[in-house]
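Peer 1: have a look at this prediction, sequence included:
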Amino acid sequence: PTLSKVYSLEETGQAAYDVHKNLHQGKVGVLALAPEEGLGVRNHELRAKHLDAINRFRVGTG
C-alpha cells in the first residue's frame, strides 16, 4: 500500500480522525521523531526509482 499523507506529531489527532472517517486513500503516516519527510532514506537512488509509486495516491503531487 502507498503512503497517501504524512502528518506531523502535533497532527496525530487529525490523522486518527481522517482514518476513522475514511477521509484518506492508502496509508497515512505520522512523523514521530523527524521534523520532515525523507530523513530516514539512506538509499536515495532506490527511492528515486520508486518515487512515482510512493506518491501515487498523494493529493496535490504532480
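Peer 2: Sure thing, it's come through.
Peer 1: from here on, just use CA atoms for contacts and neighbour counts.
Peer 2: Noted.
Peer 1: which elements pack onto the lengthiest helix in the chain?
Peer 2: If you go by DSSP state H, the chain has its longest helix at helix 12-20. Counting contacts by 3 or more Cα pairs under 8 Å, 6 or more residues apart in numbering; DSSP states H and E, helix 12-20 packs against strand 27-31.
Peer 1: packing partners for the strand it packs on?
Peer 2: If contacts are counted by 3+ Cα pairs under 8 Å, 6+ apart, strand 27-31 sits against strand 3-8, helix 12-20.
Peer 1: got the angle for that strand vs helix 12-20?
Peer 2: 170 degrees (axes from the mean of the first three to the mean of the last three Cα atoms, to 10 degrees).
Peer 1: chain center to the next helix or strand after strand 27-31: distance?
Peer 2: Next helix or strand after strand 27-31 toward the C-terminus (DSSP states H and E): helix 44-49. In terms of Cα atoms, centre = their mean, to the nearest Å, the gap separating the centre of helix 44-49 from the centre of its chain is 16 Å.
Peer 1: mind checking the pLDDT average for helix 44-49?
Peer 2: Across helix 44-49, pLDDT averages out at 88.
Peer 1: same question for stretch 6-15.
Peer 2: For stretch 6-15, mean pLDDT is 94.
Peer 1: tell me which residues form a beta bridge with the closest residue to residue 12 other than its chain neighbours?
Peer 2: Among residues not flanking residue 12 along the chain, residue 30 sits closest, at 6.6 Å (Cα to Cα, 6 or more residues apart in numbering). Judged by DSSP bridges, the bridge partners of residue 30 are residue 7.
Peer 1: residue 30 reaches residue 6, doesn't it?
Peer 2: Yes. Using Cα atoms under 8 Å, residue 30 is in contact with residue 6, at 5.6 Å.
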